[in-house]
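Structure, please.
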Amino acid sequence: DIVQTNYSGVLGTAGRTFEAWVFVDPNAPSSNLCILDYGVNAVGSRNTFSVTGSRGLTFISGGTNANIATAGNLVPVGQWTHVAFVLDNGTGYLYVNGTQVGSGNLSTANTPANNQTVRIGQRVSGGTIPFQGSIDEVRVWSVARTLTDIQTNMNTEFCGPQPNLELYLKFNQGIA
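As a prediction, this is how the structure comes out:
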């Protein structure tokens, strides 16, 4: 299953933060598993946040200076894990359970308007990398959150509006 929203995401080169709790199924393939994506399938124009086949994290925007990844074996299989991505002034940061596990140059990431809106559990058109497992508490912020912000709030379910929280999917209702 995927969730297709009508939210266009944080655009241009603006700071942004993605957060989610993920549970990678023990039978998931050894390939990328998309947590969240939006944009278009063009160089520097998409926002693919995924668990890698080696169970690290990656952010792919496409092209030179637009992709970062961590080492493998950081996202355990069969266990709920908090993951986050931050874009801050052309540098990307990846976090697992409130610990920074990677960073890199994302100076050419630039999301255009009129793109494919935020999708949870699958990549935008141009490829297919379904998430095999469960995703919960998805948050998209229109600011680069600090490590302290991430650590302080990663175990908190918000009951009311939060400044700069653009998309918040709790997944507390409904039937799968």
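
Low-confidence ranges, the chain, go.
For the chain, applying pLDDT under 70 flags the ranges 174-176.

All the strands of the chain, residue numbers only.
Assigned by DSSP state E, the chain shows strands spanning 3-4, 16-24, 33-39, 48-51, 57-60, 67-69, 81-88, 91-96, 99-105, 116-120, 133-141, 165-169.

can you tell which of those strands is closest to residue 159?
With C-beta to C-beta as the criterion, residue 159 lies closest to strand 165-169 of the strands of the chain, at 10.8 Å. Yep, even glycine has a C-beta here, placed from its N, CA and C like the rest.

Extract the C-alpha set from stretch 150-162 and format it as PDB.
What follows is stretch 150-162, C-alpha atoms only, in PDB (Å, rounded to 0.1, in the frame of the first residue of the first chain):
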ATOM      1  CA  ILE A 150      14.500  15.700  16.700                       C
ATOM      2  CA  GLN A 151      15.600  14.000  20.000                       C
ATOM      3  CA  THR A 152      13.100  16.000  22.100                       C
ATOM      4  CA  ASN A 153      10.000  15.300  19.900                       C
ATOM      5  CA  MET A 154      10.700  11.900  18.200                       C
ATOM      6  CA  ASN A 155       8.700  10.000  20.900                       C
ATOM      7  CA  THR A 156       5.900  12.600  21.100                       C
ATOM      8  CA  GLU A 157       2.600  12.500  19.300                       C
ATOM      9  CA  PHE A 158       1.400  16.100  18.700                       C
ATOM     10  CA  CYS A 159      -2.200  16.900  19.700                       C
ATOM     11  CA  GLY A 160      -2.300  20.400  18.200                       C
ATOM     12  CA  PRO A 161      -0.700  22.400  15.400                       C
ATOM     13  CA  GLN A 162       3.100  22.900  15.500                       C
END
